[in-house]
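Novice: 3D, please:
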Amino acid sequence: MQRLAITPRIGARAAHGPFHAPSNNRFSRSLRTAVETLPSSPIRVLRAVEAVRRWRRPHMINYRSVGLVPTMGALHEGHLALIRAAAKENHHVVVSIYVNPAQFGVKEDLSSYPVTWETDTAALAKLDHELADDGGNLGRISAIFAPTTPEMYPSGFPGQEVDSKGSFVTITPVAEVLEGASRPTFFRGVATVCMKLFNIVQPERVYFGQKDVQQTVVIRRMVRDLMVPTEVVVCPTERETDGLAMASRNVYLGARRRDVAIVLNSALRAAENAYRGGQTGRAAILGAARDVCELVLSAQRDLKPSERVRFEVDYISLADPDSLEELDTVDLAKGAVLSGAVRMLPVEEPRHDEDLGHSGGPAVRLIDNIILPPRST
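Specialist: Residues are numbered from 1 along each chain as shown. Below you'll find the predicted structure:
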């Protein structure tokens, strides 16, 4: 079992996941800022803002670049691809692992979100060894920033309600459409925690995946409007062989729902094909996607409850790539963003010993997108 080690001069070990030191005493502060590394790895584990700033300062003085990969843990190949990209362009890579409660709604799955610290850190240590052997990289994974919520919200976590009072970063109107329409506090939480991370780590570059397209638009807008000296790098979506976008929440699906979960990507691909075939109007492009969804829904309705999968289409969007405002017609000089969200409902009638997924297979919200490139007339 992978375990974290604190240096012998402190004389303590963190057995399972992020170390939580008792607060309000000198000894606990020394533990939080102690030099902690992953076993058999040079990767430092930093728990406190003060520790990150102390680590960062000499690299800034020596003109060593830092790339940040923000995550909520439950790492998959998509996260690792972002880290590889960061290692090619920066002397040091920092991976943050923090499940941010502010980006979960009051009724959303914070308590059941997968916490996989030991497998995450093992994957990072393995990847760092690979990066060390690859001469094409400028740097490696230097640190993991794994703070507690009290560390990230020093005035106290303000809550998940829409009318919560506290210090927030709100980017409107781009955060109010698509995902923001049904999850009104989500991008407020994302923007707030990202601004905190940018201020703490002060990275030259930060890396996000294209799968969360609205998140990338919101963060780019925040960085531009608030004059944040960080470059936002967006990397292509990593996918399974059947096209399903990699996501930490995929572990909730189980085998039965996993087979049907490609419906969203299939629908977006159909819409993309309509665009590539010469269609520019909303009705034709989105109609192709809706036809795929309805075909799959109809086929599932014809199955027995012990065999079928139920899902709901939240939205399928054709939007401007900069503002995410809905389009009636694609501007061929700009292209567009095709995106969508489906909600995979719990299995209606589980079979004996059926694998329902993590936490018993709750409802899972899946998102995906495809960028429609500009096209010459």
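
Novice: now the strands for the stretch 101-250 of the chain?
Specialist: 140-145, 205-209, 231-235 (DSSP state E, counting those that start in this stretch).

Novice: and these as CSV, adding mean pLDDT and mean neighbour count?
Specialist: Any C-beta I mention is one placed from the backbone N, CA and C, and that applies to glycine too. Formatted as CSV, these follow (pLDDT from 0 to 100; neighbours: other C-beta atoms under 10 Å):
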stretch, mean pLDDT, mean neighbour count
strand 140-145, 98, 24
strand 205-209, 98, 22
strand 231-235, 98, 18
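
Novice: I'd like the distance between residue 184 and residue 246.
Specialist: Using C-beta to C-beta, to the nearest Å, we find residue 184 at a distance of 26 Å from residue 246.

Novice: tell me which residues touch the residue nearest to residue 124 when sequence neighbours are not counted, please.
Specialist: By the measure of C-beta to C-beta, 6 or more residues apart in numbering, the closest residue to residue 124 outside its immediate chain neighbours is residue 141, 5.8 Å from it. By C-beta atoms under 8 Å, 6 or more residues apart in numbering, the contact set of residue 141 is 43, 83, 87, 93, 94, 95, 124, 127, 128, 131.

Novice: for the strands of the stretch 101-250 of the chain, which one sits closest to residue 351?
Specialist: strand 205-209 (34.0 Å; C-beta to C-beta).

Novice: list the strands paired with that closest one, with their directions.
Specialist: strand 66-71 (parallel), strand 231-235 (parallel) (DSSP bridges).

Novice: quick revisit: taking the contacts of residue 141 one by one, which sit in helices?
Specialist: 83, 87, 124, 127, 128, 131 (DSSP state H).

Novice: let me know the distance separating the spatially closest residue to residue 213 that is not a sequence neighbour from residue 316.
Specialist: In this structure, residue 213 finds its nearest non-sequential neighbour in residue 369, 4.2 Å apart by C-beta to C-beta, 6+ apart. Counting by C-beta to C-beta, the gap from residue 369 to residue 316 is 10 Å.

Novice: what residues do these two have in common as contacts?
Specialist: Joint contacts of residue 369 and residue 316 (C-beta under 8 Å, 6+ apart) are 268, 338, 339, 340.

Novice: out of the residues you listed, which are inside strands?
Specialist: 338, 339, 340 (DSSP state E).

Novice: tell me the one of the residues you listed nearest residue 210?
Specialist: When these are ranked by distance to residue 210 (C-beta to C-beta), residue 339 comes first, at 10.4 Å.

Novice: tally of neighbours for the residue nearest to the closest one when sequence neighbours are not counted?
Specialist: Once flanking residues are discounted, residue 339 sits nearest to residue 369: 3.7 Å by C-beta to C-beta, 6+ apart. When neighbours are counted by other C-beta atoms under 10 Å, residue 369 registers 24.

Novice: did I read that right, residue 369 in a helix?
Specialist: No: assignment of residue 369 by DSSP: H, G, I helix; E, B strand; the rest coil gives strand, placing it outside any helix.

Novice: rewinding a little: with respect to residue 329, which of the ones in helices among the contacts of residue 141 is nearest?
Specialist: Of the ones in helices among the contacts of residue 141, the one sitting nearest to residue 329 (C-beta to C-beta) turns out to be residue 83, at 39.2 Å.

Novice: now do that closest one, the pLDDT please.
Specialist: pLDDT, residue 83: 98.

Novice: show me what the helix ranked longest in the chain is packed against.
Specialist: Secondary structure of the chain per DSSP H: the longest helix is helix 282-301. With contacts defined as 3 or more C-beta pairs under 8 Å, 6 or more residues apart in numbering; DSSP states H and E, helix 282-301 has these neighbours: helix 263-276, strand 311-319, strand 336-344.

Novice: now that helix: buried residues?
Specialist: Residues of helix 282-301 classed as buried: 282, 285, 286, 288, 289, 290, 292, 293, 296, 297 (neighbour count, 16 or more other C-beta atoms under 10 Å).

Novice: was I right to think the fifth one contacts residue 316?
Specialist: Yes: Residue 289 lies in contact with residue 316 (C-beta atoms under 8 Å); the separation is 4.9 Å.

Novice: any residues in contact with both of these two?
Specialist: Contact criterion C-beta under 8 Å, 6+ apart; residues bridging residue 289 and residue 316 by contacting each: 267, 268, 271, 338, 340.

Novice: residue contacts, residue 66?
Specialist: With C-beta under 8 Å, 6+ apart, residue 66 has these contacts: 56, 59, 90-94, 142, 201-205.
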